[in-house]
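In: Fold the stuff below for me.
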Amino acid sequence: MAFWVLIEPCIYKMIRVSRAKSAANRNEEVLTPARTSTRQLLQPIDEFFLFLVFLSVGLKERDLAHRFNIHQSTVSRIIATWTNFLATALGSQCIWLTREGVQAYLPEEFKDFSDTQMILDCTELRCQTPSSPLLQSEMYSSYKSHCTMKALVGIAPHGPVTFISNLYAGSVSDKELFKQSGIAEKLTEDMAVMVDKGFLITDCCKCKVYCPPFLSKQKQMPAYQVKETQAIARLRVHVERVIRRIKQNKLFDSIITMSHVYNINQLFAVACMLSNYQNTALVKKWVK
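Out: Below you'll find the predicted structure:
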């Protein structure tokens, strides 16, 4: 409800503009405000609730149409409208934090890695297998053994999502995705990023990279490397917790159909940014 109060002042204007553009794209007649009010079946707050149900529970449009007692095509238009609106409204707020902003909220647990600007990790969303063999080969992920779309997510040490890349074909490597995402341009020499083992980006950015060391040709890791691995793993796991929080939206837990591929970038970005409005704490003190 608090989030609704935040967006309500501009909601009606944005919905009218979005519907007018959609109608123009379909070469349909744009209704006047007087006639629109007679055709409106759901109030904006109910449309917002419908969108959240679609995102969080992952119900099909036909099911939502039955539950809300409206036509399936109306459900489709509501989802498209609210996806565009929330992507615009939330995207207008800069989620990237300056180095000073990150340092101001740096948790005590990061005292040994105090220059950490963000923790990075990739995540994959399973999608419907395309009919084109070329697309199949590009989107097939050997890690998931399925066609997927892959994104790079970055969080600040204290928890909020501060970077979201576009979704790419599932066959792209973590390193190539890092290059194409544009995140390297935001990182400076006085910053550091924390990544998982195998995320080989040291030669792709000018900042410091905290990554668990490899065993290499050694038979056993030295004690200091074991402690470093444990320390990084304890802190890096927070990005996985954030991604799990995002994927609690059941839309991403199931296979993304081709009917939603056209706006899946916006849907994923909205889900990531909405996770920043959850009030639960992310970083907690570890039991010694």
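In: contact partners of the host helix or strand of Gln180?
Out: Using DSSP states H and E, Gln180 maps to helix 174-181. The contact list for helix 174-181 (C-beta atoms under 8 Å, 6 or more residues apart in numbering) reads 120, 122, 150-152, 163, 165-166, 168, 172, 184, 198-201, 204-205. Bear in mind the C-beta positions are built from the backbone N, C-alpha and C, glycine included.
In: Buried only: go through those residues for me.
Out: By neighbour count, with 16 or more other C-beta atoms under 10 Å, the contacts of helix 174-181 hold 120, 122, 150-152, 163, 165-166, 168, 172, 199, 201, 205 as buried.
In: So which of the contacts of helix 174-181 belong to strands?
Out: Using DSSP state E, the subset of the contacts of helix 174-181 located in strands is Leu120, Cys122, Lys150, Ala151, Leu152, Phe163, Tyr168.
In: if we can go back for a sec, looking at the buried ones among the contacts of helix 174-181, spot the one nearest Pro222.
Out: Among the buried ones among the contacts of helix 174-181, Phe199 lies closest to Pro222 (C-beta to C-beta), at 22.0 Å.
In: next structured bit after the helix or strand of the chain with the lowest mean pLDDT?
Out: Lowest mean confidence among the helices and strands of the chain (mean pLDDT, DSSP states H and E): helix 33-39, at a mean of 40. Next along the chain after helix 33-39, taking DSSP H and E as the criterion, comes helix 44-57.
In: and that next one, what does it pack onto?
Out: Applying 3 or more C-beta pairs under 8 Å, 6 or more residues apart in numbering; DSSP states H and E, one finds that helix 44-57 contacts helix 2-25, helix 61-68, helix 72-91, helix 264-275.
In: List the contacts of Gly101.
Out: Gly101 touches nothing, counting by C-beta under 8 Å, 6+ apart.
In: redo that, cut-off 10 Å
Out: Gly101 is in contact with Gln117, Ala156, Thr162, counting by C-beta atoms under 10 Å, 6 or more residues apart in numbering.
In: quick one: which of those residues is most hemmed in?
Out: Counting neighbours by other C-beta atoms under 10 Å, the top entry in the contacts of Gly101 is Gln117, with 27 neighbours.
In: export the helix holding Gln180 as CSV, just CAs?
Out: The C-alpha coordinates for helix 174-181 follow below in CSV (Å, rounded to 0.1, in the frame of the first residue of the first chain):
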residue,chain,number,x,y,z
ASP,A,174,29.7,-14.8,-17.8
LYS,A,175,32.7,-12.9,-19.1
GLU,A,176,31.1,-11.9,-22.4
LEU,A,177,27.9,-10.9,-20.6
PHE,A,178,30.0,-8.7,-18.2
LYS,A,179,31.6,-7.0,-21.3
GLN,A,180,28.3,-6.4,-23.1
SER,A,181,26.4,-5.2,-20.0
